[in-house]
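Enquirer: With the input below, show me the fold.
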Amino acid sequence: MKMSDALRHGITLRPESHRDRFCYVEGRGLCSDAWGAICEAVQPAVANFNWNRNDRFKLERSMDALRAIQQHYFAHYFQMPARCPLASQRFIEAGGRIVGSGSNAQLKTYDDYSRERIIGGVTSECDKVTHLAGMVDHAFYAHGWSREQVLEIVEWYEECHNRGTQHFAPSEIVINFEHYQIC
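Expert: Residues are numbered from 1 along each chain as shown. The predicted model follows:
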């Protein structure tokens, strides 16, 4: 099963939570994050594991079982290359002046002296993303995306991978991250 299909089905099973893979939220019951939804879609018994944080040993056994499910069903997504497009932000610094006045005013720039500047990533974790499985968690937790937004980017990467595109065009990736663009 593709990760996008599993996530699409998993979204319908539980409410969303940005705290843990699975956690109990008062008034909502058991909630899941993006990876929790993906794993529950392929192995429904995951919801019956012990997700109570009071018993650390049972919780750790549940997490081990969840990791085994991830590796069994989605191992190739840990090798599928992905990079957070917000890992290095760039801008062009250029000088200019306004020529004319009133309605005839124009902005003239001096492109000969323009320089490209690189700012660090949006978060300190952006440059550490190397595969699609890591991108799911990164987009969900570091950038605060919803599971539906994560689903869109997973579908996009799967489509690129199916077309055989090894290197992703930055302009195509930025389109998916357009809500981070400053105009």
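Enquirer: For the helix or strand hosting residue 117, give the mean pLDDT please.
Expert: Counting by DSSP states H and E, the element that carries residue 117 is strand 106-119. Strand 106-119 carries an average pLDDT of 74.
Enquirer: One more: stretch 5-19?
Expert: Averaging pLDDT along stretch 5-19 gives 91.
Enquirer: Look up the closest residue to the most centrally placed residue in the chain, ignoring the ones flanking it.
Expert: Per CA atoms, centre = their mean, the C-alpha nearest to the average position across the chain is that of residue 139, at 2.3 Å. Closest residue to residue 139 apart from its sequence neighbours, by CB to CB, 6 or more residues apart in numbering: residue 145 at 4.5 Å. No exception for glycine: its C-beta is placed from N, CA and C like everyone else's.
Enquirer: Now do the same for the one you found: helix, strand or coil?
Expert: Per DSSP: H, G, I helix; E, B strand; the rest coil, the local secondary structure of residue 145 is coil.
Enquirer: And the pLDDT at it?
Expert: With respect to pLDDT, residue 145 scores 88.
Enquirer: How about the one 3 residues further on?
Expert: Reading off the per-residue confidence, residue 148 sits at a pLDDT of 91.
Enquirer: Equivalent analysis for residue 88, please.
Expert: Reading off the per-residue confidence, residue 88 sits at a pLDDT of 69.
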